[in-house]
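In: Task: produce atomic coordinates for the following.
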Amino acid sequence: MELPFLPDRDFFTMREASRLAQVPPHTLRYWEGRFGLLRPARRAGGHRRYSRADLELILEIKDLLQRRKMTVAGARRALIDRRRGKTPFDSPLTGHAPGDSAQAKLLREVRKELKAILEEMGR
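Out: Predicted structure coming up:
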């Protein structure tokens with residue numbers, strides 16, 4: 001995913017975040033409720049302060065929901081899987097299934113060869 005130009009700042013207001021992500025402010029509030037990973041800091045008056053990491057997460061969520069056509073639950077699951085170190089955002093819609101990667105094919109071949117070696121040893 002290609003990130004748009006982000007100003008060289010640490011925090012952004014809700015208006016700035018919604019303008020940069022090109023989504024309305026109510027969408028950001030909705031995503032905060034649905035995606036536990038998105039938790040902007042609050043000022044003393046209760047105004048949200050989005051960090052650069054929050055803004056990057058917002059752009060990832062937008063990409064999953066709008067470009068990749070995932071449901072909110074599917075996007076949440078994909079983000080959680082990515083955090084746990086599983087292959088990120090593989091889905092039938094993108095055409096990249098986890099089992100179709102070159103690494104997975106190599107691992108299957110190695111497993112097959114190891115099984116053949118064990119059979120030759122008599123196990």
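In: Tell me who's in contact with the residue nearest in space to the middle of the chain.
Out: What sits nearest the mean C-alpha location of the chain, by CA atoms, centre = their mean, is Leu79, with 3.9 Å. Contacts for Leu79 (CB atoms under 8 Å, 6 or more residues apart in numbering) come out as 35, 37, 57, 60-61, 64. Quick note: C-beta positions are derived from backbone N, CA and C, even for glycine.
In: Of all pairs in those residues, which one is the farthest apart?
Out: Leu37 and Leu64 (12.1 Å; CB to CB).
In: who's more crowded, the two?
Out: Leu64 (23 against 16; other CB atoms under 10 Å).
In: Sheet-wise, list the partners of the longest strand seen in the chain with their directions.
Out: For the chain, the strand with the greatest residue count under DSSP state E is strand 48-51. The pairing partners recorded for strand 48-51 under DSSP bridges are strand 11-12 (antiparallel), strand 41-42 (antiparallel).
In: how near is the residue nearest to the centre of the chain to Leu114?
Out: 35 Å (CB to CB, to the nearest Å).
In: Could I get the CA-only coordinates of stretch 53-63 as PDB?
Out: C-alpha atoms of stretch 53-63 as PDB (Å, rounded to 0.1, in the frame of the first residue of the first chain):
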ATOM      1  CA  ALA A  53       1.200   5.300  13.700                       C
ATOM      2  CA  ASP A  54      -2.600   5.800  14.200                       C
ATOM      3  CA  LEU A  55      -2.700   7.600  10.800                       C
ATOM      4  CA  GLU A  56      -0.900   4.700   9.100                       C
ATOM      5  CA  LEU A  57      -3.300   2.200  10.700                       C
ATOM      6  CA  ILE A  58      -6.200   4.300   9.500                       C
ATOM      7  CA  LEU A  59      -4.900   4.200   5.900                       C
ATOM      8  CA  GLU A  60      -4.400   0.400   6.200                       C
ATOM      9  CA  ILE A  61      -8.000   0.000   7.500                       C
ATOM     10  CA  LYS A  62      -9.200   2.100   4.600                       C
ATOM     11  CA  ASP A  63      -7.200   0.000   2.100                       C
END
